[in-house]
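Visitor: Let's see this in three dimensions:
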Amino acid sequence: MLDKVRFAEVGDAEHYYLHHLIKPIGEDLSQYTYLYGKNHSASRHNQAQLAFIDSDEIMYEAQLVKHDKQTTEKEIERFLNDARIEPQLKLKVGAPVLFTRNSWNYFNGERGRIVRLNDEVLFVEKSDGVVVKLERASMAKTQWKEKTIEGKKEMMEEAKFSVHQFPIALAFAITIHKSQGMSIEDLIIETTEIFAPSQFYVALSRATSPHRLILKQPQTNWCNLAFVNDKALSFVQSHLVKE
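Guide: Below is the predicted model:
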């Protein structure tokens with residue numbers, strides 16, 4: 001079914017399958033992760049659900065170090081968005097979170113719950129009961145510069161700026177763009193915000209199981225959600241033929 005959606009070949013069988021993924025949602029939304037197409041929708045849902053948790057809210061600002069004085073705010077904003085780094089991470093003890101990186105003791109998209117907050121360290125309990133001590137992760141935007149070393153000119157990679165932030169996001173909601181690469185359990189897809197080519201395929205493929213996936217009723221036919229970029233489709237099909 002995913003393969004059919006990937007290539008925009010949604011017929012009667014796929015329509016029937018997708019329709020049966022529209023299921024009732026319980027009152028407790030904290031166990032689900034909503035996938036939205038738009039940033040403001042995901043942010044609004046996260047803050048609304050976070051407000052229900054009766055504990056103190058702490059905000060963790062991303063720590064920025066500029067190595068190149070010519071760095072612009074627009075460059076930083078684009079990097080934060082592409083790297084899925086939260087510029088302002090609001091957390092509470094008891095809040096569900098998703099890990100946004102892979103590590104030896106957690107994976108990208110794995111769910112946990114905040115059990116303790118400090119200024120520089122967080123403690124996240126995963127669904128298997130294991131508590132992870134989490135520190136800020138560092139990511140850098142690099143650039144190539146010509147340097148003269150021992151009389152020879154060489155191209156060297158240098159950090160333009162670096163950002164330090166905890167590799168997690170609130171698990172109530174996340175955008176489809178930021179969910180790329182994740183494997184998420186208990187997922188709800190807001191189908192009314194699908195607007196970009198292959199966006200529906202990306203959203204569906206985040207789910208670990210159809211039994212833990214819920215689709216919201218779309219405002220259009222399923223085949224209208226499963227559209228792709230014509231150039232990308234031609235490129236993939238030409239390579240499949242060659243193989």
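Visitor: Please identify the nearest residue in space to Lys153, excluding sequence neighbours.
Guide: Excluding the flanking residues, the one nearest Lys153 by Cβ to Cβ, 6 or more residues apart in numbering is Glu146, at 5.7 Å. For glycine as for every other residue, the C-beta is placed from the backbone atoms N, C-alpha and C.
Visitor: Identify the residues contacting stretch 45-57?
Guide: Residues from elsewhere that reach stretch 45-57 (Cβ atoms under 8 Å, 6 or more residues apart in numbering): 29-30, 34, 36, 90-95, 170, 172-173.
Visitor: just to revisit the earlier point, tell me if I am right that the residue nearest to Lys153 is in a strand.
Guide: Yes - judged by DSSP: H, G, I helix; E, B strand; the rest coil, Glu146 forms part of a strand.
Visitor: Distance check, it against Gln70.
Guide: Noted for Glu146: a distance of 16 Å to Gln70, by Cβ to Cβ, to the nearest Å.
Visitor: Can you name the element that comes right after the helix or strand containing Gln49?
Guide: Taking DSSP states H and E as the definition, one finds Gln49 inside helix 39-50. Later in the chain than helix 39-50, the nearest helix or strand by DSSP H and E is strand 57-61.
Visitor: so what's the closest residue to Ala207 other than its chain neighbours up against?
Guide: By the measure of Cβ to Cβ, 6+ apart, the closest residue to Ala207 outside its immediate chain neighbours is Leu213, 4.1 Å from it. Leu213 makes contacts with 21, 187-189, 204, 207, as judged by Cβ under 8 Å, 6+ apart.
Visitor: Tell me which two in those residues are the farthest apart.
Guide: Greatest spatial distance in the contacts of Leu213: Ile188 and Leu204, 12.0 Å, computed using Cβ to Cβ.
Visitor: Looking at the two, which one has more neighbours?
Guide: Leu204 (23 against 20; other Cβ atoms under 10 Å).
Visitor: Just give the nearest non-adjacent residue to Glu193, would you?
Guide: Leaving aside its chain neighbours, Glu193 sits nearest to Gly37 (3.1 Å; criterion: Cβ to Cβ, 6+ apart).
Visitor: So the one you found is in contact with Phe200, correct?
Guide: No - with contact taken as Cβ atoms under 8 Å, Gly37 and Phe200 are classed as non-touching, separated by 9.4 Å.
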